[in-house]
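Chemist: Give me coordinates for this.
(one chain, ligands or ions: 2)
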Amino acid sequence: MPTNANYMVSTANLALEVNGQSYPVEVRHHWTLLDVLREQLDLTGSKRGCDRGECGSCTVLLAGQPVYSCQILAVQVGSRPIVTIEGLGDLSDLDPVQQAFLDNDGGQCGFCTPGFVMSARALLDANPNPSEDEIRQALSGNLCRCNAYGRIIESVKAARRE
Ligand code: FES
Ligand code: FES
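Modeler: Numbers count the residues shown, from 1 in each chain. Ligands and ions are numbered 1, 2, ... in the order given. The predicted structure is shown next:
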């Protein structure tokens, strides 16, 4: 039987590409991408809601696709680029989706907002002028405890390029 004395925690050295920057990090094999973003890189915009793949508050783009960062181990990312909410824009230069959420009051407490914005960004990158049904489908993996869905959908509609 292994004892605490001989138990070895294995680690890996990675170079994660996040928001266009390369971050060398040493990670434990069981750490998720969300763990590393929030706790190693101090990128706390991606939220830890359920931590089990149900709420979407941790959504980031991995090679352009929206993923739950709580459900991917950091060691699985490889060389694929990651974009977090911090990489979309800042107060002086908001992404059109962020601006649309601001203009349309697309959040209440705001906890779910980064995840919704990332899912919406992925949708609009793939389809600049989606129907309301397509928007609802693309956002179906994101939950809002404040029930602000109506304003969230209106925000994404406002960000469409007609
Ligand atoms: S925190 Fe990842 S899906 Fe809820
Ligand atoms: S605005 Fe509060 S959880 Fe969505």
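Chemist: Flag every buried residue along the helix or strand where Val97 lies.
Modeler: In this assignment (DSSP states H and E), Val97 forms part of helix 96-103. Neighbour-count burial for helix 96-103 flags Pro96, Val97, Gln98, Ala100, Phe101 (criterion: 16 or more other Cβ atoms under 10 Å). Bear in mind the C-beta positions are built from the backbone N, C-alpha and C, glycine included.
Chemist: Among these, which one sits closest to ligand 2?
Modeler: Phe101 (10.0 Å; Cβ to the nearest ligand atom).
Chemist: In contact with that closest one, which residues?
Modeler: Phe101 makes contact with Gly107, Thr113, Phe116, Val117, Ile152, Ser155 under the criterion Cβ atoms under 8 Å, 6 or more residues apart in numbering.
Chemist: which of the residues you listed are close to ligand 2?
Modeler: Near ligand 2, judged by Cβ under 6 Å from any ligand atom, the entries from the contacts of Phe101 are Gly107.
Chemist: Dump the buried residues of helix 96-103 to a markdown table, plus distance to Ala148.
Modeler: Below are these laid out as a markdown table (distance: Cβ to Cβ, whole Å):
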| residue | distance to Ala148 |
| --- | --- |
| Pro96 | 19 |
| Val97 | 15 |
| Gln98 | 15 |
| Ala100 | 14 |
| Phe101 | 10 |
